[in-house]
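>>> got a predicted model here, sequence first, then my questions.
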Number of protein chains: 2
Amino acid sequence: MTTAQLDRTFAALADPTRRAILKRLASGEATVSELAKPFPVSVQAVSKHLKVLEGAGLITRGRTGQLRPSRIDGAPLKEAAAWIGDYQRFWERSFERMEERLRG
Amino acid sequence: MTTAQLDRTFAALADPTRRAILKRLASGEATVSELAKPFPVSVQAVSKHLKVLEGAGLITRGRTGQLRPSRIDGAPLKEAAAWIGDYQRFWERSFERMEERLRG
DNA sequence: CATCTATTCAACCGTCTGGTTAAATACGCG
DNA sequence: CGCGTATTTAACCAGACGGTTGAATAGATG
């Protein structure tokens, strides 16, 4: 909804490691070290990425013992999708046909 | 399609000035100085933003005299929408109902 | 040609980013 | 308590970012 929220959402999605983390989380929640395992970066770096994702509202985190499982929260993605959706006519086939006609 | 393309697209969309520029361009092409007018930043700053948008493929630019009109290219937005669309189940009502059931 | 307008390029600046390593914190368990 | 594991915090670093001002380039026009 707010501009600042879209800023945070798109900025969070701009990093390939963070998108990969979300992809992993799409198949179920996971802890920090589980998430870090596939990546060539330290667990601390992943912890930072999770903080960015959490700051954007893209994940929420639980606590069971010393584990901090993350899970996806889709709300910001819904907003982002809605924002992009406003431009749908710029890539739909009907638009391309219109463009062609305009360019003659 | 590629990871790097999504990086560029989302990074370009993460800035509110650039999103506002796209919004303006949605109503038709515009020159650099026309685009700069509504913003409290220099025309040079807008020129940089346009370079970022162009680098992400979100705009293309023509040339007529000393004017460089920009227009939206929706292709990268289509990719971004497709990426986000993969997570649609995390915000759709059907998912929320499923979640509730799981949390029971 | 001289000048005005449109745009870009260059250099600089403070801040943010994504990474590191080292230290601190917190929990589980024998 | 003491140790091991999970995670975060702190300090640091190089590079990117978004902005500025000033100079350069390029086209339109008197």
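Yep, it's here.

>>> how about the helices in chain A?
A:3-13, A:16-25, A:32-36, A:43-55, A:75-85, A:93-103 (DSSP state H).

>>> CSV please, covering these and showing distance to B:Pro69.
Every residue, glycine included, has its C-beta placed from N, CA and C. As requested, the helices of chain A are exported to CSV (distance: least, C-beta to C-beta, whole Å):
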stretch, distance to B:Pro69
helix A:3-13, 25
helix A:16-25, 33
helix A:32-36, 45
helix A:43-55, 36
helix A:75-85, 23
helix A:93-103, 14
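
>>> number of residues surrounding the closest residue to A:Leu13 other than its chain neighbours?
Residue nearest to A:Leu13 in three dimensions, not counting chain neighbours: B:Phe10, with 4.3 Å by C-beta to C-beta, 6 or more residues apart in numbering or on different chains. A count of nearby residues for B:Phe10, using other C-beta atoms under 10 Å in any protein chain shown, gives 25.

>>> ok, B:Phe10 to A:Thr17 distance?
Between B:Phe10 and A:Thr17 the computed distance is 13 Å (C-beta to C-beta, to the nearest Å).

>>> over to A:Trp91?
In terms of C-beta to C-beta, A:Trp91 sits 27 Å off from A:Thr17.

>>> one step back: would you turn the helices of chain A into JSON lines with distance to DNA strand C and mean pLDDT?
As requested, the helices of chain A are exported to JSON lines (distance: least, C-beta to the nearest atom of the strand, whole Å; pLDDT from 0 to 100):
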{"stretch": "helix A:3-13", "distance to DNA strand C": "6", "mean pLDDT": "97"}
{"stretch": "helix A:16-25", "distance to DNA strand C": "5", "mean pLDDT": "98"}
{"stretch": "helix A:32-36", "distance to DNA strand C": "9", "mean pLDDT": "97"}
{"stretch": "helix A:43-55", "distance to DNA strand C": "3", "mean pLDDT": "98"}
{"stretch": "helix A:75-85", "distance to DNA strand C": "15", "mean pLDDT": "97"}
{"stretch": "helix A:93-103", "distance to DNA strand C": "21", "mean pLDDT": "59"}
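
>>> which among those helices is found nearest to B:Lys37?
B:Lys37 lies closest, by C-beta to C-beta, to one member of the helices of chain A: helix A:3-13, at 19.4 Å.

>>> which other helices and strands contact that closest one?
Packed against helix A:3-13 by the contact rule (3 or more C-beta pairs under 8 Å, 6 or more residues apart in numbering or on different chains; DSSP states H and E) you find helix A:43-55, helix A:75-85, helix B:3-13, helix B:16-25.
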